[in-house]
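A.B. asks: Quick one, fold the following:
(2 chains)
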There are 2 protein chains.
Amino acid sequence: MFFATAEYKERIRKTKERMAARGIDVLLITDPANMNYLSGYDGWSFYVHQMLVVINDEDQPIWIGREQDSNGAKLTSWLYHENIIPYPESYVQTDQRHPMDFVAEILRQIGQDKRSIGVEMENYYFTAKCYERLKKGLPNAVFHDATLLVNWVRLVKSSTEIEYMKRAALFVEKAMLDGIEIINEGVRECDVAAKVLHTQITGTEAFGGDYPAIMPLLPSGEKTSTPHLTWTDERYKHGDTVILELAGCYKRYHSPLARTVNIGKPSPQMEHLSKVVVEGLNACLDMIKPGIACEEIEEAWKKSIEKSVITKDSRLGYPTGLNYPPDWGEHTASIRKGDKTILQPNMTFHLIPGIWLDHYGFEASESIRITETGCETFAVLPRELFIKDGMSNKLTG
Amino acid sequence: MFFATAEYKERIRKTKERMAARGIDVLLITDPANMNYLSGYDGWSFYVHQMLVVINDEDQPIWIGREQDSNGAKLTSWLYHENIIPYPESYVQTDQRHPMDFVAEILRQIGQDKRSIGVEMENYYFTAKCYERLKKGLPNAVFHDATLLVNWVRLVKSSTEIEYMKRAALFVEKAMLDGIEIINEGVRECDVAAKVLHTQITGTEAFGGDYPAIMPLLPSGEKTSTPHLTWTDERYKHGDTVILELAGCYKRYHSPLARTVNIGKPSPQMEHLSKVVVEGLNACLDMIKPGIACEEIEEAWKKSIEKSVITKDSRLGYPTGLNYPPDWGEHTASIRKGDKTILQPNMTFHLIPGIWLDHYGFEASESIRITETGCETFAVLPRELFIKDGMSNKLTG
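C.D. replies: Residues are numbered from 1 along each chain as shown, chains lettered A, B, ... in the order given. Next up is the predicted model:
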């Protein structure tokens, strides 16, 4: 198990507090990160339906999932084995029946079918069909949208969670340096991706890495005009810009980090863009402290870049930590105009002022922890445009 | 682009044929594999809402997605740029508005709001909330469940798709051999995962690999009692069994493969289990040919294993090919009792007779193509329990 049982119980307590405030008796959790957060369950089984049921007047949650995954729940969670309920294989990927029919039947059997039930309406692993089948199977229940209820509990991290993110940061520092080291004219994009992933997962001698919730994002050349392209097997050309957005991951806790590399001398526009962005990022890091609102960070950023011609509409960052594919963001607060979330110590964010213009782009980011008096970055790596001499592997950035 | 435009157009034609048969005028596609299949679009942007709109009386589909991803759609798809419609950043991960409000508005603007609209009710990327907001935004539309409509078009592969899966098979053969090579007493699980991923992604000299839709599944010891655990940073012990379930991936096309390794002499039970499973798998491979139904394969398997005490309730396999996280299976046919899908040439399956008992398990699988007269495996690797001599790295399997 990744945490002491007491820590899981404290998380359950906080979850029930929020359930009570919302009038929710029974919470059906389908987000794999939320399932892990409350139960410890960890497996790549979220491609079939599974669920954690938190009942306000029961001590332990109930895990419901596919039969062949139930031994995984026994091995990785802190739950009593009698709270692990497998559904038969006949419910898997068929139009004859649906796993939510099984869930409804279980809730009926344990007398929870006439209660106020919270569901995660906006979650990858709670499909439109899940909701239709649950409503049909539980006609006497009252449904509430409990999207992000547990995510908000996750916003402030414990000391063990912070320690895990620090370990993840060691992995991403190494992976970023390895990536920057081998990027050069004539090198294939896939070979950089492979090297980066290898380093992310071997980790350090003391601690090994886990798979990140997002694969390395490695756009190059014109593809830097957009942030979410991964890689191809094409070779870098002289003059190419390459963006690396990566995360180290330790026991499912992430420390994301982005840097940008230029193969050969950058254009004056790229030099300018990189300076503006790094200055803006530094301005934010200087002013972030407990007590301010998320939107104030964005104001500091805007003030810093307003002397340039560069503008940015997209948000500047989001909370990060525990997660599963397809996203390492927590979907709660956002660092943007209008977000009044007040920073508290041990909140953790990925601060990512990426700029993607029509034909090129630049990213430099930091994962940060809010401290008692300010903030600190998880990774320590120069914040600048890295420049590779196209003729050798010398790192000149 | 991964395919000729003519191939994308043929796929659209087949999709419209199925739409017509179901009385669907407008198909809203949220499955990233289906989006890629019809448009070529490829990016790790599916963690925010995005969609491909296929209209029965329009030549080209419309891509709708986040603003910063629209350059990615221009770079990777065959669509006219005017068919790429970005939604503003203010729709991203907020409870103020929802990307489906934007989609509804676009459909109203182009006069498609009073039509018969198909949605993928059972897809990771079409949440319960998506459906609620679409229904609210399009009160005059009639909604149909179009889950798997495009997936069924994907069932029979083109020659280029088969070629891509053959390349992916070269990657997974190498990755499997590399994994088996380094697994040994005292080696960390994460170091095997890192090596395997590195090989999957470097691929061959001619072709580089893409990220697989599922990370390496590497349960060991008691964890082999369940199939979907990934890895930890613990060290293998003498006597451990290790299951490797991996896929090579080329341009999003997968060739999955599973093998099992024993560190030191296997127990008599494990030897027996491995023999029964491999015999059963071979019996299936011998009888598979066009014209038979999926369930007949499962009957051949059952007949082969019935002389042992081993039973298996879970399905024996599923179609595979193009995919994105979290699954490389296509969710259409299943190789199990009751599935009447008739095999045709160039259907492709992952045939995976895994057995997970209370304290140990065994997997050996093959990705196969249905040929004109039978079937062939994509990868070529001995089908047996691999045995590692615990004292050296010698591969004795």
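
A.B. asks: show me what contacts residue A:329?
C.D. replies: Contacts for residue A:329 (C-beta atoms under 8 Å, 6 or more residues apart in numbering or on different chains) come out as A:318-320, A:323, A:350, B:47, B:93. No exception for glycine: its C-beta is placed from N, CA and C like everyone else's.

A.B. asks: same question, residue A:167
C.D. replies: Applying C-beta under 8 Å, 6+ apart to residue A:167 gives the contacts A:203-204, A:207, A:248, A:250, A:253.

A.B. asks: mind redoing it with 7 Å?
C.D. replies: Residue A:167 makes contact with A:207, A:250, according to C-beta atoms under 7 Å, 6 or more residues apart in numbering or on different chains.

A.B. asks: Doesn't it belong to a strand?
C.D. replies: No. Counting by DSSP: H, G, I helix; E, B strand; the rest coil, one finds residue A:167 to be helix, located in no strand.

A.B. asks: Can you check what pLDDT the model gives the closest residue in space to residue A:351 that isn't next to it in sequence?
C.D. replies: Counting by C-beta to C-beta, 6 or more residues apart in numbering or on different chains, residue A:351 lies nearest to residue A:317, which is 4.1 Å off, once chain neighbours are set aside. pLDDT recorded at residue A:317 is 97.

A.B. asks: Next: residue A:390.
C.D. replies: Reported pLDDT for residue A:390: 58.

A.B. asks: what does the stretch 1-150 of chain A put close to chain B?
C.D. replies: Neighbours of chain B within the stretch 1-150 of chain A, by C-beta under 7 Å from any C-beta of the partner chain: A:43-47, A:68-69, A:71-72, A:75, A:89, A:92-93, A:119, A:121-131.

A.B. asks: Can you check what pLDDT the model gives the residue nearest the centre of chain A?
C.D. replies: In chain A, the residue lying closest to the centroid (C-alpha atoms, centre = their mean) is residue A:328, at 1.2 Å. In this model, residue A:328 is scored at 98, pLDDT.

A.B. asks: got it, and the one 3 residues further on?
C.D. replies: Per-residue confidence for residue A:331 comes out at a pLDDT of 98.

A.B. asks: That one: what's it in contact with?
C.D. replies: Residue A:331 neighbours (C-beta under 7 Å, 6+ apart): A:148, A:151, B:93.

A.B. asks: would you list these in CSV and tack on distance to residue A:221?
C.D. replies: Output for the contacts of residue A:331, formatted as CSV (distance: C-beta to C-beta, whole Å):
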residue, distance to residue A:221
A:148, 37
A:151, 36
B:93, 29
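
A.B. asks: is it possible to export those residues to CSV including secondary structure and neighbour count?
C.D. replies: Listed next are those as CSV, based on DSSP: H, G, I helix; E, B strand; the rest coil; neighbours: other C-beta atoms under 10 Å in any protein chain shown:
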residue, secondary structure, neighbour count
A:148, coil, 21
A:151, helix, 23
B:93, coil, 22
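
A.B. asks: now those as CSV including pLDDT and distance to residue A:227?
C.D. replies: Formatted as CSV, the contacts of residue A:331 follow (pLDDT from 0 to 100; distance: C-beta to C-beta, whole Å):
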residue, pLDDT, distance to residue A:227
A:148, 98, 23
A:151, 98, 22
B:93, 93, 15
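
A.B. asks: ok, so of the residues you listed, who is nearest residue A:10?
C.D. replies: residue A:151 (16.4 Å; C-beta to C-beta).

A.B. asks: ok so, going back, between the contacts of residue A:331, which sits nearest residue A:195?
C.D. replies: Relative to residue A:195, the closest of these is residue B:93; by C-beta to C-beta it sits at 31.6 Å.

A.B. asks: Looks like the closest one contacts residue A:332 (just checking).
C.D. replies: No. Using C-beta atoms under 7 Å, residue B:93 makes no contact with residue A:332, being 8.6 Å away.

A.B. asks: so how far is chain B from the residue nearest to the centre of chain A?
C.D. replies: 9 Å (C-beta to the nearest C-beta, to the nearest Å).

A.B. asks: can you tell me which residues contact that residue?
C.D. replies: By C-beta under 7 Å, 6+ apart, residue A:328 lies in contact with A:212-214, A:247, A:254, A:256, A:320.

A.B. asks: Partner strands of the helix or strand bottoming out on mean pLDDT in chain A, with direction?
C.D. replies: Lowest by mean pLDDT, DSSP states H and E among the helices and strands of chain A is strand A:355-356, with a mean of 92. Here strand A:355-356 is paired, per DSSP bridges, with strand A:361-362 (antiparallel).

A.B. asks: What is the subsequent helix or strand relative to the strand it pairs with?
C.D. replies: As assigned by DSSP states H and E, the chain's next helix or strand after strand A:361-362 is strand A:366-370.

A.B. asks: And the helices in chain A?
C.D. replies: A:5-22, A:32-39, A:70-76, A:99-109, A:128-137, A:149-153, A:159-182, A:189-202, A:268-287, A:294-305 (DSSP state H).

A.B. asks: Who are the packing partners of the fifth one?
C.D. replies: Meaning helix A:128-137. Contact partners of helix A:128-137 among helices and strands, from 3 or more C-beta pairs under 7 Å, 6 or more residues apart in numbering or on different chains; DSSP states H and E: helix A:99-109, helix B:128-137.

A.B. asks: Include distance to residue A:144 and mean neighbour count when you put those into TSV, please.
C.D. replies: As requested, those are exported to TSV (distance: least, C-beta to C-beta, whole Å; neighbours: other C-beta atoms under 10 Å in any protein chain shown):
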stretch	distance to residue A:144	mean neighbour count
helix A:99-109	15	19
helix B:128-137	12	20
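
A.B. asks: Identify whichever of those lies nearest to residue B:111.
C.D. replies: Residue B:111 sits nearest to helix B:128-137 of all these, at 14.8 Å, using C-beta to C-beta.
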